[in-house]
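Mind folding the following:
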Amino acid sequence: MSTSPVPAADTETAAQRHGRLRLSRGITATWWYTVSAVVFLEFMIVVVWTGALVEAGRDAATVATVGLSGLVWWLSTFLLLHDYRQRTEQSPLARWPRALAPLLVAACFGLLAGLVSGLWLMGVLPLIQALVLLNWPAGVRGRAVIAATALLAALWFVDSRATMPPDASSTWWLLGFFSVTLPGMTVLSLWWWDVLMTVDRARASESRLAATQERLRVATDVHDLQGHHLQVIALQLELAERLMPNDPDAALTQLRAARQSVDEARQGTRDLALRFRSVPLTVEIENAADLLRAAGTSVQVTVHADADRAPASVLGPVIRETTTNALRHGGGRWARLSLTRDADAWRYEIENDAADASPSADGAGLEGIGRRVEDGGGSVEIRRRPQEFAVAVAVPVSPEESR
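Sure, this is the predicted structure:
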């Protein structure tokens, strides 16, 4: 990342804005991997339970009861997983009363499955699995899962002594293994998600801290500049006041000096603001590429050696706006940015994969780009192709550069 003051702040502000609208694709994908792992394990528990009961020779009514009620329990855990995604360290244990329904379903399913199968393991596991999906405080979940795993192992030992068929098949042993280890495997999946979210929150906090530090640095520069000039002006006016009765000409000289100091302060403030607003285009391109990479996009960059001589007042906002469009509407897999020059024009182009081939309903950003470039004497070309979108901007080379 560039260390230029304002670009860093601008980039991080954009990152925060897009991060609020949606998580980065990598984080979203990790969440779906986590959910897929948990629901797959739960579904396999239902399948293994029904398969074990079939191989143990249980009647069709028992097998159907466990299988169908198991599917209802499996579907009810989706509510708990949905709430878990929104969890924070300050969130309550559960979103009551939303969590009551899946917990009651788990308790009823466990009671029913335990009664019809005669297995303690089936009676206890559904409720334990629902409980581990709640928002337990740090450290509590791990100890609770260890205790729950020990309890399930003990219940499986009791069940195996009391009800295991003499010629128990591999499916029957899988019933015990998957049932005992399900809470632990679920918590491991959720732990990985928690770690990723902690890293993402830390990155967002770091971005906000960097922006805050940059604002403080700007405020310090403004304070130092204005404080110096105001102190000088105060001294000049005080001196003019003292000289006025006895030496009006000298007092007038001091008043003119004070006015000159005011002009210097005003010009210094303009220069300071301009210094922080005028960002070299190479830095703009680097920041745009870094922002796209942070969202998981593969980026290819081509920049002319003299790119900083291009009209930043025109191309700078265009680069920021098109990067924002790529983040909002792009497919997120790849992007290409280039800033090149030919004999009479600077050419900026951004290409990216499109999430869909249809144009976006919000064209305000593109219209703004068009107006800005036209005001600078340039032209804009927009290309929409299947699974690809591109914006190309051409801005004339200034007369000074043409010479």
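
going forward, measure contacts between C-alpha atoms and count neighbours the same way
Fine.

residues near W49, how many?
Using other Cα atoms under 10 Å as the criterion, W49 is surrounded by 25 other residues.

Could you tell me the per-residue confidence at V391?
In this model, V391 is scored at 94, pLDDT.

ok, now how distant is it from V318?
Distance, V391 to V318, using Cα to Cα, to the nearest Å: 10 Å.

Between the two, which has more neighbouring residues?
Neighbours were counted for V391 and for V318 using other Cα under 10 Å; V318 has more, 23 against 19.

which secondary structure element contains that one?
Assigned by DSSP states H and E, V318 belongs to helix 312-329.

which neighbours does whichever helix or strand comes after that helix have in its sheet, and in what orientation?
Stepping forward along the backbone from helix 312-329, the first helix or strand reached (DSSP H and E) is strand 330-341. Strand pairing for strand 330-341, using DSSP bridges, gives strand 298-303 (parallel), strand 345-354 (antiparallel).

Check those for me and report the most buried one.
strand 345-354 (a mean of 22; mean count of other Cα atoms under 10 Å).

pLDDT averaged over the helix or strand that it is followed by - what is it?
Going down the chain from strand 345-354, the next helix or strand is helix 364-375, by DSSP H and E. Computed over helix 364-375, the mean pLDDT rounds to 81.

After the worst-scoring helix or strand of the chain on mean pLDDT, heading C-terminal, what element do we hit next?
Across the helices and strands of the chain, mean confidence by mean pLDDT, DSSP states H and E is lowest for helix 5-21: a mean of 40. Sequence-wise, the next helix or strand beyond helix 5-21 is helix 25-55, with elements assigned using DSSP H and E.

Which other helices and strands does the helix or strand just after that following helix contact?
Beyond helix 25-55 in the direction of the C-terminus, DSSP H and E gives the next helix or strand as helix 60-85. Counting contacts by 3 or more Cα pairs under 8 Å, 6 or more residues apart in numbering; DSSP states H and E, helix 60-85 is packed against helix 25-55, helix 100-117, helix 120-132.

Apply 6 Å and report the result again.
Using 3 or more Cα pairs under 6 Å, 6 or more residues apart in numbering; DSSP states H and E as the contact criterion, the elements in contact with helix 60-85 are helix 25-55, helix 100-117.

orientation of the longest one relative to strand 330-341 in degrees?
By that I understand helix 25-55. Taking axes from the mean of the first three to the mean of the last three Cα atoms, to 10 degrees, one finds that helix 25-55 is oriented at 160 degrees with respect to strand 330-341.

So for helix 25-55, what gets flagged as buried?
Along helix 25-55, the positions that meet the burial threshold by neighbour count (16 or more other Cα atoms under 10 Å) are 25, 27, 31, 34-35, 37-39, 41-54.

list the contacts for L155?
The neighbourhood of L155, defined by Cα atoms under 6 Å, 6 or more residues apart in numbering, consists of W120, L121.

what about the stretch 101-250 of the chain, any weak spots by pLDDT?
165-169, 204, 207, 211, 214 (pLDDT under 70).
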